[in-house]
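Colleague: next one to model:
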Amino acid sequence: MAALTGLEPVVSAAAKPPARPRWWRGLVFLFAAAYFLIPLGASLWYTIHNPATGVSFSAYGELLTAEGFTRSLLMSLSLAAATIVLVLLLALPAMLAVRLFAPRLRPVMEVLCTLPLVVPPITFVAGLTTSLRDGADILAPTPFWGTLIAIQDPGLPVVLVLAYVVLVLPFVYRSLDAGLRTMDVRTLVEAARNLGASWPHVLLRVVVPNLRSALASASFLTLALVLGEYTVASLLGYEPFAVWIVTVSGSKGQLSVAVSILSLLLIWALLLAVSTVFSGRKKS
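Modeller: Below you'll find the model as predicted:
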């Protein structure tokens, strides 16, 4: 036994694999950084350099006084917030109900939620426009149509919120499904119900705290899609932030690129803020 014990360090040292150089990781990071930063740097140089006057930040100064900038930005942020709230209120309870009471319907729900991925946006807008036009004649006498007309607001188009909910549903479903797979939903819900918790309490105090990362991912994807969506809003005749950028780009090139850079930084800041909020709640 003593001889074998003395050989253990030798065997472990011989079995240890040789250290491999990690210079390739830095090379990959360098290429990735160049891939993202060089186009951004070129865009920034285009907005601040003028061959006639030299370096000038006048394009960014025009943003504060540009017509429609504040209105379109507030509209996009409002649409993003409303879409996040509505799609989470629809998707999360439905996914929990299927997992708890009808697990055989999970493939059906997955197909329905991911179906918007195979429908081109132009086809989706054409069908939506036809439905709104024909639905006005059929649903006009009903209270539903009157309610839909009453809640319409030029600063927050309800029809765009409903359209964006359909567009982001596949990404929200995948994020929530990945989060639900990491937890034993049935055991948590049954334990909470046996202790006397109501269903709203179970949803808000038991399930949601365990889905912080999934909810954050779903909110990230929804925010990015709504702020950058152009086809649906343009064809329906609305002018959120993305449509306003394209409209301005036809007359003021530097201003449009400056707005694009600003919107990119704004999205990064919003995503960082949401990530910080979720991380802070998780630590507390």
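Colleague: so where is the stretch 1-150 of the chain shaky, pLDDT-wise?
Modeller: 1-21, 135-136, 139-140, 144-150 (pLDDT under 70).
Colleague: all strands of it, in order?
Modeller: Counting by DSSP state E, counting those that start in this stretch, one finds strands in the stretch 1-150 of the chain at the ranges 49-50, 54-55.
Colleague: what does the last one contact?
Modeller: Outside strand 54-55, the residues within contact range by CB atoms under 8 Å, 6 or more residues apart in numbering are 48-49. For the C-beta atoms, the positions are set from N, CA and C on the backbone; glycine is no exception.
Colleague: and of the strands of the stretch 1-150 of the chain, who's closest to Cys113?
Modeller: strand 49-50 (46.8 Å; CB to CB).
Colleague: just give the strands next to that closest one in its sheet, each with its orientation.
Modeller: Using DSSP bridges, strand 49-50 pairs in its sheet with strand 54-55 (antiparallel).
Colleague: out of everything not next to it in sequence, what's closest to Leu44?
Modeller: Leaving aside its chain neighbours, Leu44 sits nearest to Ile261 (6.2 Å; criterion: CB to CB, 6 or more residues apart in numbering).
Colleague: ok but the one you found is inside a helix, no?
Modeller: Yes: under DSSP: H, G, I helix; E, B strand; the rest coil, Ile261 sits within a helix.
Colleague: counting neighbours, what do you get for it?
Modeller: Ile261 has 16 neighbours, counted by other CB atoms under 10 Å.
Colleague: ok, now Phe101?
Modeller: With other CB under 10 Å as criterion, Phe101 counts 8.
Colleague: that one and Ala42: what is the separation?
Modeller: According to CB to CB, to the nearest Å, Phe101 stands 55 Å off from Ala42.
Colleague: pretty sure the residue nearest to Leu44 sits against Ser43.
Modeller: Yes: using CB atoms under 8 Å, Ile261 is in contact with Ser43, at 5.8 Å.
Colleague: so where is the stretch 151-284 of the chain shaky, pLDDT-wise?
Modeller: For the stretch 151-284 of the chain (pLDDT under 70), the answer is 151-154, 250-252, 277-284.
Colleague: show me what contacts Gly228?
Modeller: So, once contact is read as CB under 8 Å, 6+ apart, Gly228 ends up touching Ala242.
Colleague: likewise the one 5 residues further on?
Modeller: The contact partners of Ala233, by CB under 8 Å, 6+ apart, come to 160, 239-240, 242-243.
Colleague: mind redoing it with 7 Å?
Modeller: Applying CB atoms under 7 Å, 6 or more residues apart in numbering to Ala233 gives the contacts 160, 240, 242-243.
Colleague: I am finished for the moment; much appreciated.
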